[in-house]
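Q: Got a predicted structure plus its sequence, pasted below:
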Number of protein chains: 2
Amino acid sequence: MIPFRSPERPEHGGRLEAAARKWGIPRDQWLDLSTGINPVPYPIPEIPLEVWQRLPEPDDGLEEIIRHWAGAPADAVCLPVAGSQQAIMALPAVRKRVHGLGRVAVPIPGYREHGHAWQRAGFEVVGISAEQALADDLDWLASVDVMVWVNPNNPTGQVLMPERLLAWRERLERHGGWLVVDEAFIDGLPDHTLDPWAGSANLLILRSLGKFFGLAGIRAGAVLLERGLAKQFNHELGPWPVSGPTRYLMKRVLEDETWQAGALAKQQEASMRLSALLEQHGLGSLSGTLLFQTVQHSKAAEIADRLARCGILVRCFDAPQALRFGLPADEASWQRLADALSGIYICH
Amino acid sequence: MIPFRSPERPEHGGRLEAAARKWGIPRDQWLDLSTGINPVPYPIPEIPLEVWQRLPEPDDGLEEIIRHWAGAPADAVCLPVAGSQQAIMALPAVRKRVHGLGRVAVPIPGYREHGHAWQRAGFEVVGISAEQALADDLDWLASVDVMVWVNPNNPTGQVLMPERLLAWRERLERHGGWLVVDEAFIDGLPDHTLDPWAGSANLLILRSLGKFFGLAGIRAGAVLLERGLAKQFNHELGPWPVSGPTRYLMKRVLEDETWQAGALAKQQEASMRLSALLEQHGLGSLSGTLLFQTVQHSKAAEIADRLARCGILVRCFDAPQALRFGLPADEASWQRLADALSGIYICH
């Protein structure tokens, strides 16, 4: 296991105001590829006045709609949350209340808010490498109270098969351990989601809506879990954790299967185009998901800086050194990215 | 001091779905007076696509707009939150992290989420009566680590003057105690708000936007506090605590001083009309704020049930027995309330 050290606050993409200040380029002139968010958002429908006006109500049918969309069983509880971040921050409090403190394993590299939240709450956090995640011997799980996996992982794109994760869950359950699976980037991988097993003992699945539907601003996600834990989780969230307009939009987008099918096809095409473009420009060591491609490169920071000087914002990681590219929205953006990459001499 | 016992989850108004089931009246046929929310909401403007699409950014100018609106000094930090509820739930965690557990005093009767949140986090919670709040001797504050006051109080309408609250703050500061003032219903009472003292040591002020602006669905509020505590508070909230559309609307409504002046005048008129109507129908022992009137009555539950049978939902309290009425939205609603009250024989 790898030591885990969280910064005071983990960094994130999408900070255009900060980029505009740092590189002296006005906000509206940036091509922002720093997040893994579908750049073609679900069109915002008219939202009834009542939705803005009234307190959100928990019994508005949203939970059933989430269940149907996720393909979760009838006995799973499907709680809406204000983005998976809200769930990430509530999880340690729920665990502590039910079982007390303990040891939590998170993937390294991986989405850093997980380890940060557990560490802040007083848990011991250890890192699990990509290799260890693939080990056949599961004995290492005996010393873990909560195993957090991000599937596919962000930014590495590593995907584990459900069989492996279910074996982890079973091994963890023996000593009251939890398996938390963050499926923020699972869209387009129907054979990899654990949602059909939602509601199993000690399994907590986080879904995000902002990314696939291109609506990161509304803060929309869901937690799928067993009834007993759901009650604790609900208490932790308190009343009205999700705004009325967000609940309304969640219902609309989750029920619109036609839009979903079209968006998936477009994202699949764009994803292949992005990896081809990056390879063509010498950024070949690629992994990723539907919504981003990650390139390991020893000059990652330098390339990110060169792109930023052209007004293109990408996400830069330092351990290991890597760049993460989101999908361009339109032909002009594709061309702008291609031109910028052509202008940078990249050593292989 | 009075013992404080919180139910598993405090109850709230605005639960129309539940009322529709309980009384067998379709949702759209109710006159909902169960919340203290301006029934004439701020008109929702067009919201730019980018706001829905992108992650919310903290450096969008909202904090300065809140400061200007609240009249808070330059050295106060003005943090947007997803409704004052989010702040109420974060406060105990911040206090615990900085000072450890201790004793918290809350008004009884008063908005129950405060005591609930502190008790859930492990603090000892005691109740302060309306009489004790008016005591000239402040020695009782020596044994209090956090004093929470709701000004004006909900549902009693009791208002304390800034001088008294500032004396509390000073007394509490001597032993590292905090004064938390929940100003959810302070609109229309410019001489009573503590906002000009925001940023003082150990003072935390909660503001709500949903009520005065009639937009409870968007979950909008603010916390005004000193810089050191604000840093801790920010960590507790994590990234993106408030959605993009909510941040956008907060900026718009807080800058629209013309609308605010008109809304205030309308609410003042409606508030007087409501108390006159209730008195006229034998519900005379009134207290309240701009946005609700509370009536103490030994038959409160029975009257609430009679009103509900007419499809009028009010909030009913049991200790002491009281009814809380929000403002009707339009002439038809006023008439409907008047008719229903006429049909109920109320013993004086």
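A: Yep, it's here.
Q: tell me which parts of the stretch 51-200 of chain A are close to chain B?
A: A:51-57, A:59-60, A:82-83, A:85, A:88-89, A:113, A:117, A:120 (C-beta under 8 Å from any C-beta of the partner chain). For glycine as for every other residue, the C-beta is placed from the backbone atoms N, C-alpha and C.
Q: Can I get the buried ones among the residues you listed as something I can paste into ChimeraX?
A: To isolate the buried subset of those in ChimeraX, counting by 16 or more other C-beta atoms under 10 Å in any protein chain shown, use the following:
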select /A:51,52,53,54,55,56,57,60,82,83,85,88,89,113,117,120
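Q: and the residues of the stretch 51-200 of chain A next to chain B, which of them are in strands?
A: Among those, none falls in strands (DSSP state E).
Q: Do I have it right that A:Met147 meets A:Arg103?
A: No: contact criterion C-beta atoms under 8 Å: A:Met147 and A:Arg103 do not qualify, at 9.8 Å.
Q: more crowded one of those two?
A: A:Met147 (25 against 16; other C-beta atoms under 10 Å in any protein chain shown).
Q: So for the longest helix along chain A, mean pLDDT?
A: Using DSSP state H to define each element, chain A has its longest helix at helix A:257-280. On average, the pLDDT along helix A:257-280 is 97.
Q: One more: stretch A:309-322?
A: The average pLDDT for stretch A:309-322 rounds to 93.
Q: Which pLDDT value belongs to the residue of the stretch 51-200 of chain A found nearest chain B?
A: Of all residues in the stretch 51-200 of chain A, A:Leu55 sits closest to chain B, at 3.9 Å by C-beta to the nearest C-beta. Looking at A:Leu55, its pLDDT is 95.
Q: A:Glu236 now?
A: On pLDDT, A:Glu236 comes in at 96.
Q: What sits closest to it if chain neighbours are left out?
A: Sequence neighbours aside, A:Ala90 is the residue nearest to A:Glu236 in space, at 4.5 Å (criterion: C-beta to C-beta, 6 or more residues apart in numbering or on different chains).
Q: That neighbour against A:Leu237, yeah?
A: Yes: A:Ala90 is within contact range of A:Leu237, at 6.1 Å (criterion: C-beta under 8 Å).
Q: Can you check which residues contact both of the two?
A: Residues touching both A:Ala90 and A:Leu237 (C-beta atoms under 8 Å, 6 or more residues apart in numbering or on different chains): A:Val81.
Q: Identify the residues contacting A:Val32.
A: Val isn't right for residue A:32; it's Asp. Contact analysis of A:Asp32 by C-beta under 8 Å, 6+ apart lists A:Gly13, A:Gly14, A:Leu16, A:Ala19, A:Leu313, A:Gly326, B:Arg54.
Q: Please disregard the earlier target; I meant A:Ala300.
A: By C-beta under 8 Å, 6+ apart, the residues touching A:Ala300 are A:Cys316, A:Phe317, A:Asp318, A:Gln321, A:Ala322, A:Leu323.
Q: Check A:Cys316 too.
A: Counting by C-beta under 8 Å, 6+ apart, A:Cys316 touches A:Ala300, A:Ala301, A:Ala304, A:Ala322, A:Leu323, A:Arg324.
Q: Show me which pair in those is furthest apart.
A: Comparing all pairs in the contacts of A:Cys316 by C-beta to C-beta, the longest separation belongs to A:Ala301 and A:Arg324, at 12.9 Å.
Q: buried residues in stretch A:252-267?
A: Applying a neighbour-count criterion of 16+ other C-beta under 10 Å, one finds A:Arg252, A:Val253, A:Leu254, A:Asp256, A:Gln260, A:Ala263, A:Leu264, A:Gln267 buried in stretch A:252-267.
Q: could those residues be laid out in TSV, adding distance to B:Leu204?
A: Below are the buried residues of stretch A:252-267 laid out as TSV (distance: C-beta to C-beta, whole Å):
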residue	distance to B:Leu204
A:Arg252	37
A:Val253	37
A:Leu254	38
A:Asp256	42
A:Gln260	44
A:Ala263	43
A:Leu264	46
A:Gln267	44
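Q: restrict these to contacts with chain B.
A: Of these, not one also sits near chain B (C-beta under 8 Å from any C-beta).
Q: ranges for the helices of the stretch 1-150 of chain A?
A: Applying DSSP state H, counting those that start in this stretch to the stretch 1-150 of chain A gives helices spanning A:16-23, A:49-53, A:62-70, A:84-99, A:113-120, A:130-133.
Q: For A:Ala301 and A:Arg324, indicate the residue with more neighbours.
A: Between A:Ala301 and A:Arg324, counted using other C-beta under 10 Å, A:Arg324 has the larger neighbour count: 24 against 14.
Q: So that one: helix, strand or coil?
A: Put simply, A:Arg324 is strand when judged by DSSP: H, G, I helix; E, B strand; the rest coil.
Q: So which residue is dead centre in chain A?
A: A:Ala184 (3.2 Å; C-alpha atoms, centre = their mean).
Q: I'd say it and A:Pro155 touch.
A: No: using C-beta under 8 Å, A:Ala184 is not in contact with A:Pro155, being 11.7 Å away.
Q: what residues are up against the residue nearest to A:Glu236?
A: Applying C-beta under 8 Å, 6+ apart to A:Ala90 gives the contacts A:Val81, A:Phe233, A:Glu236, A:Leu237.
Q: element containing the third one, please.
A: Spelled out, that is A:Glu236. Assigned by DSSP states H and E, A:Glu236 falls within helix A:227-237.
Q: follow-up on the earlier one: which among the buried residues of stretch A:252-267 gets closest to chain B?
A: The nearest member of the buried residues of stretch A:252-267 to chain B, counting by C-beta to the nearest C-beta, is A:Val253 at 11.1 Å.
Q: Quick check: the closest one is in a strand.
A: No: remark: A:Val253 does not belong to a strand; assigned using three-state DSSP, it is helix.
Q: Compare the contacts of A:Ala90 and tell me which has the most neighbours.
A: In terms of neighbour count, A:Val81 stands highest of the contacts of A:Ala90 at 25 neighbours, by other C-beta under 10 Å.
Q: residues in contact with it?
A: Residues near A:Val81 by C-beta under 8 Å, 6+ apart: A:Ala87, A:Ala90, A:Gly221, A:Ala222, A:Val223, A:Leu237, A:Pro241, A:Val242.
Q: mind running it again at 6 Å?
A: Going by C-beta atoms under 6 Å, 6 or more residues apart in numbering or on different chains, A:Val81 touches A:Ala87, A:Gly221, A:Val223.
Q: Outline the domain layout of chain A.
A: What the record gives for chain A is the domain set A:2-41+A:258-342, A:49-255, from automatic domain parsing.
Q: got the contact list for stretch A:284-295?
A: The contact list for stretch A:284-295, computed with C-beta under 6 Å, 6+ apart, reads A:36, A:152, A:155-157, A:185, A:187-188, A:211, A:267, A:271, A:274-275, A:278, A:283, A:296, A:322-326.
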